[in-house]
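1. 3D model of this:
(chains A and B)
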Amino acid sequence: MEIMVKVAAVAVTAAVLGAVLRRNTPELALLLALCAGLWMLSAAAGGLGAALELMRELAGLAGVSEILLEPVLKTVALSILTRLTAEVCRSAGETGVASFVELAGTVLALAAALPLIRAVTLLMGELLL
Amino acid sequence: MTFRQYERGVFSMDVDLIFKIAAIGIVVAVLNQVLSRAGRDEQAMMTTLAALVVVLMMVVQEIADLFNMVKTLFHL
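-> Reported below is the predicted structural model:
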């Protein structure tokens, strides 16, 4: 709860300061927004870490191996980075670069999920034979 | 690891950086106005550029920290 209060305070402060900076130095306003975003993300990292820990615990209880869990975690990390970068590019007015980042993120997420797809296919083959 | 432990371990960035960037921006805006009025437009532009480089250096460190944090969180 207190983290959310902190995040809200930082967000409002960053928005006001960004509005001040936007008139004369728009590039610094962009970096300020990026910095505020990084701060908020690192504030939320604790929750993310706890959720990941629970996911690993549940996978361990269910007997799912770490190899199968890894593509899922990789995809989550990729999507976080892709989203952050694309939004920064978009707020800089570079919509084209943002789309390229998103495309690259999609392709890399697909590549990260390939072992999972292969494992599922092999499993189905074993079941059928 | 509980939520609290994560909070203490990961939560390291300072809010001061945001205020620092804003302060640099305001100072540069004032300098820019003064230099422009004095007819030194090229120096005004250099000031803006120097401020941009300084702030970029500061933010790049934080971006690197974020990437490392994501790496350690996901055990990649």
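2. From the chain's centroid, how far away is the biggest helix by length in chain A?
-> Secondary structure assigned by DSSP state H gives helix A:26-62 as the longest helix of chain A. Taking C-alpha atoms, centre = their mean, to the nearest Å, one finds the center of helix A:26-62 at 8 Å from the center of the full chain.
3. Could you do stretch A:24-37 as well?
-> With C-alpha atoms, centre = their mean, you get 20 Å for stretch A:24-37.
4. Do I have it right that A:Ser32 meets B:Ala22?
-> For residue A:32 the amino acid is Leu, not Ser. Yes - counting by C-beta atoms under 8 Å, A:Leu32 touches B:Ala22, with 6.2 Å between them. The way it works is simple: take the backbone N, C-alpha and C, and place the C-beta from them, glycine included.
5. Mean confidence (pLDDT) on whichever strand or helix holds B:Val60, please.
-> Assessed by DSSP states H and E, B:Val60 sits inside helix B:41-74. Across helix B:41-74, the average pLDDT comes to 89.
6. residues of that helix that come out buried?
-> By neighbour count on 16 or more other C-beta atoms under 10 Å in any protein chain shown, the buried set for helix B:41-74 is B:44, B:47-48, B:51-52, B:55, B:59, B:62-63, B:66, B:69-70, B:73-74.
7. Quick check, central residue of the chain?
-> All of this refers to chain A. A:Ile80 (0.8 Å; C-alpha atoms, centre = their mean).
8. wait, chain B
-> B:Val59 (3.8 Å).
9. for that residue, what are its contacts?
-> Residues in contact with B:Val59 (C-beta atoms under 8 Å, 6 or more residues apart in numbering or on different chains) are A:31, A:34-35, A:38, B:17, B:21.
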